[in-house]
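>>> fold the following, please.
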Amino acid sequence: ENTAAALHYGMDRVVPTGETETVMFYNLGATSTQVSVVQYSSYTVKEAGKNKTVGAFEVKSKAWDETCGGTAFDDVIVNYLAGEFNKQWGKGDVKEV
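Model (predicted):
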């Protein structure tokens with residue numbers, strides 16, 4: 001899914017020749033998280049005697065974690081918010097998971 005997002009993002013992207021743009025794509029799934037870092041650039045080629053700018057992208061890095069998905073992420077957020085609530089308002093109905 002990250003590769004599809006990177007392709008779609010770069011379809012009409014015009015990066016000035018000689019410059020690069022680096023973008024991180026992530027997919028926070030129900031049971032896992034994937035991250036890709038992609039670099040976009042462009043270069044000039046001669047075609048039929050005319051200069052033409054051609055876009056390019058390169059996947060610089062990919063990583064995933066099968067133990068850190070949406071459920072684990074939700075648990076961290078709920079525990080953090082419950083702790084903040086309890087700090088401000090004292091122990092109440094908000095409990096850590």
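>>> which parts of the helix of greatest length in the chain are buried?
Longest helix in the chain by number of residues (criterion: DSSP state H): helix 70-89. Within helix 70-89, the residues scored as buried using 16 or more other C-beta atoms under 10 Å are A82. (Each C-beta comes from the backbone N, C-alpha and C, glycine too.)
>>> that one - what's its average pLDDT?
Mean pLDDT, computed over helix 70-89, is 83.
>>> what stretches of the protein score poorly on pLDDT?
Along the chain, the parts satisfying pLDDT under 70 run over 92-97.
>>> assign a three-state SS to the residue nearest in space to the middle of the chain, would you?
The centroid of the chain falls nearest to F25 when counting by C-alpha atoms, centre = their mean (2.1 Å). What DSSP: H, G, I helix; E, B strand; the rest coil gives for F25 is strand.
>>> gap between K87 and V38?
Going from K87 to V38 by C-beta to C-beta, to the nearest Å gives 40 Å.
>>> now do the phi/psi pair for the residue of the chain positioned farthest from its centre.
Taking C-alpha atoms, centre = their mean, the residue of the chain most remote from its mean C-alpha position is G49, at 39.3 Å. Here is the backbone geometry of G49 (degrees, to the nearest 10): phi 80, psi 0.
>>> again, but for A5
Taking degrees, to the nearest 10 as the convention, A5 sits at phi -60, psi -40.
>>> now it, nearest residue through space, not along the chain?
Closest residue in space to A5, ignoring its immediate chain neighbours: F25 at 4.9 Å, by C-beta to C-beta, 6 or more residues apart in numbering.
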